[in-house]
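Novice: Return a 3D structure for these sequence lines:
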Amino acid sequence: MTNTHDGTVDEKGALLVQKLTPAEAAMMIVGANIGSGILGLAYASRLAGWPILLLWLVIAGFLTTVSMLYVTETTLRTTKNLQLPGLAEKYVGSVGAWLVFLSVVANSVGCMIAYMAGSGRILGAMFGISNQFGSLLFAVPSVVVVWLGLKATGVSEKIISAGMSILVLVIIAASFLSSKADFGSVMYANWLYAVPVFNVALFCYIAQYLVPELSRGLRHDAKKIAPAIVLGMSITFVLLALVPLAVLVLTGPEKVTQVATIAWGQELGTWAFLTANIFALCAMMTSYWAVGGAMLTNIVDKFNFKSEWDKNTRLICLACVVVPPFILAYSGVVGFVNAIYMAGTFGGVIMSILPVMMLRSARKNGDVEPEYKVGWMAHPAMQNLLIIIFCCGAIYAVGDMLGLLPAGW
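Specialist: Sure, this is the predicted structure:
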């Protein structure tokens, strides 16, 4: 155990311990989840209807929380600070490690493509600049916090996530009280388009990759990790349910844009346009911090770099995090909502199966008895349900891509 340049402590590995508070951990989850996904929910659910979206948010939120708690117990059974690929290598083997690493990368890149594209559109609409230049402006503060590490991310998430929550609640209240609000226009359900909405809802919750970061920061107070996760996911659910409802009742399903806050703000006037889009930028930025930081440390972990704080290592890893999403966002290959859809679908399959396998193995082969155990939610029936539902969503997505099933939008 050695002290590092910034006062943190290195405990048996390349990933350094930087202590978090439970509030910081919870808001990191909120910041990670409330990003590009929430901006695309209204558009993605406009054909299916808000009641179907609400149902999927409940189911996807519960199942993802269970999966996150599986990862929590697995990390606490392991003495070395590892990211998901390292945990998979230890408990499942090299194939599982590569699968989970590729899942983290695919999910992270899918997220950041959406952040780059979405931020560019918003800043372009606000200031009359090109989308590409808007994305570059967004990238500067995003990359700086990722470079500064876990503690800087936790503090920044707590401040910005609290601020953006206040902003969005103001806009939601204004939407519900507006004379243009029409609640009857969203209370419909078209089950033909139901399954794709689950995949988008799933994307909004996929935060298993963040759990090792939270465990690393809260290992000094391990019993508070699970409550912090539940709190963060609960706040996420409330915001994910209210934002698309407010957008749909105000604009109607026929006027929703892919980045919903643009049309949303325009319906309420200039003040709301600015407030809604500042919220959107904050949401994408907080998600970028969490997703980008986790992807960086996953690269360090998977390729066994000596230390995440070696400058050359950190520069190379940061370039891998930042550059590909920007290029892909403006390549014309991947659309905003499609990036959300595909990342949520295929990342969700791997991230549903691997945590189950890791937990089973960790309970047999772990290093220590943990301070926290999942309990009844680790029943084999729950584990199997988790796998079945996520795999069914992926099967639908394959049929969608092949043109055999109706697309969600």
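
Novice: residue ranges with poor pLDDT in this protein?
Specialist: 1-17, 36, 259-260, 262-263, 265, 332-348, 397, 400-401, 404-409 (pLDDT under 70).

Novice: All the strands of it, residue numbers only.
Specialist: Using DSSP state E, the strands of the chain run over residues 2-3, 9-10.

Novice: from memory residue 105 sits against residue 296, does it?
Specialist: No. Counting by CB atoms under 8 Å, residue 105 does not reach residue 296; the two are 11.1 Å apart. No exception for glycine: its C-beta is placed from N, CA and C like everyone else's.

Novice: of the two, who's got more company?
Specialist: residue 296 (24 against 20; other CB atoms under 10 Å).

Novice: tell me the contacts of the nearest residue in space to that one that is not next to it in sequence?
Specialist: Nearest non-adjacent residue to residue 296, counting by CB to CB, 6 or more residues apart in numbering: residue 317, 4.7 Å away. Neighbour list for residue 317: 296, 299, 300, 305, 308 [criterion: CB atoms under 8 Å, 6 or more residues apart in numbering].

Novice: Among those residues, which are located in helices?
Specialist: Counting by DSSP state H, these place 296, 299, 300 in helices.

Novice: which of those residues lies closest to residue 119?
Specialist: Checking the ones in helices among the contacts of residue 317 against residue 119 with CB to CB, the nearest one is residue 296 at 19.4 Å.

Novice: Next one: the residue sitting furthest away from the middle of the chain from residue 204, what distance?
Specialist: In the chain, counting by CA atoms, centre = their mean, residue 179 sits farthest out from the average C-alpha position, at 33.8 Å. Applying CB to CB, to the nearest Å, the value for residue 179 to residue 204 is 30 Å.

Novice: Over to residue 73?
Specialist: From residue 73 to residue 204 the distance is 24 Å (CB to CB).

Novice: Compare those two (neighbour count), which wins?
Specialist: Neighbour count, other CB under 10 Å: between residue 73 and residue 204, residue 204 has more, with 30 against 26.

Novice: Does the more buried one touch residue 37 like I think?
Specialist: Yes. Because the distance of 3.6 Å satisfies CB under 8 Å, residue 204 is recorded as touching residue 37.

Novice: where does the residue farthest from the centre of the chain fall, phi/psi-wise?
Specialist: Main-chain torsions, residue 179, degrees, to the nearest 10: phi -70, psi -20.

Novice: What is the nearest of the ones in helices among the contacts of residue 317 to residue 82?
Specialist: Nearest to residue 82 among the ones in helices among the contacts of residue 317 is residue 300, at 10.6 Å by CB to CB.

Novice: ok, which stretches of the stretch 51-200 of the chain are helices?
Specialist: Here the stretch 51-200 of the chain has its helices, by DSSP state H, counting those that start in this stretch, at 84-91, 94-127, 131-148, 150-177, 194-205.

Novice: To residue 227, which of those lies closest?
Specialist: Proximity to residue 227 (CB to CB) singles out helix 150-177 among the helices of the stretch 51-200 of the chain, at 16.0 Å.

Novice: Got phi/psi on residue 371?
Specialist: Reported as degrees, to the nearest 10, the phi and psi values for residue 371 are phi -70, psi -20.

Novice: ok, it touching residue 226?
Specialist: No. Taking contacts as CB under 8 Å, residue 371 lies outside contact range of residue 226: 9.9 Å.

Novice: So between those two, which is more surrounded?
Specialist: In this view residue 371 and residue 226 are compared by other CB under 10 Å, and residue 226 has more residues nearby, 21 against 14.

Novice: Skipping adjacent residues, who's closest to that one in space?
Specialist: residue 372 (5.5 Å).

Novice: what's the burial count for that neighbour?
Specialist: Residue 372 is flanked by 18 other residues according to other CB under 10 Å.

Novice: what's the spacing between it and residue 378?
Specialist: Using CB to CB, residue 372 is found at 12 Å from residue 378.

Novice: Overlap of the contact sets of those two?
Specialist: By CB under 8 Å, 6+ apart, the residues touching both residue 372 and residue 378 are residue 73.

Novice: ok so, going back, so can I have CSV of the contacts of residue 317 showing distance to residue 110?
Specialist: Converted to CSV, the contacts of residue 317 look like this (distance: CB to CB, whole Å):
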residue, distance to residue 110
296, 16
299, 16
300, 21
305, 24
308, 23
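
Novice: Roughly how far does the spatially closest residue to residue 286 that is not a sequence neighbour sit from residue 97?
Specialist: Spatial nearest neighbour of residue 286, chain neighbours left out: residue 31 (3.2 Å); criterion: CB to CB, 6+ apart. Residue 31 is 27 Å from residue 97, where distance means CB to CB.

Novice: neighbour count winner among those two?
Specialist: Taking other CB under 10 Å, residue 31 and residue 97 do not tie; residue 31 has more neighbours (32 against 21).

Novice: how close does the more buried one sit to residue 101?
Specialist: 23 Å.

Novice: And residue 129, by the same measure?
Specialist: Distance of residue 129 to residue 101, computed by CB to CB: 36 Å.

Novice: more neighbours, those two?
Specialist: Neighbour totals were compared for residue 129 and residue 101, and residue 101 leads with 23 against 14 (other CB under 10 Å).

Novice: Endpoint to endpoint, stretch 201-218 covers what distance?
Specialist: Criterion CA to CA, to the nearest Å; first-to-last residue distance in stretch 201-218 is 28 Å.

Novice: Please read the previous query as pertaining to stretch 213-230.
Specialist: End-to-end distance (CA to CA), stretch 213-230: 16 Å.

Novice: picking that back up, could you dump the helices of the stretch 51-200 of the chain into a markdown table and include distance to residue 242?
Specialist: Converted to a markdown table, those look like this (distance: least, CB to CB, whole Å):
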| stretch | distance to residue 242 |
| --- | --- |
| helix 84-91 | 31 |
| helix 94-127 | 19 |
| helix 131-148 | 25 |
| helix 150-177 | 5 |
| helix 194-205 | 13 |
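
Novice: Those helices: which one's closest to residue 249?
Specialist: helix 150-177 (6.5 Å).

Novice: Next, the buried residues of the closest one.
Specialist: For helix 150-177, burial by neighbour count (16 or more other CB atoms under 10 Å) applies to 150-158, 160-161, 164-165, 167-169, 171-172, 174-175.

Novice: Output the contacting helices and strands for that helix.
Specialist: Identification of packing neighbours for helix 150-177 by 3 or more CB pairs under 8 Å, 6 or more residues apart in numbering; DSSP states H and E yields helix 22-33, helix 131-148, helix 211-218, helix 225-251, helix 260-268, helix 270-302.

Novice: No further questions, thank you.
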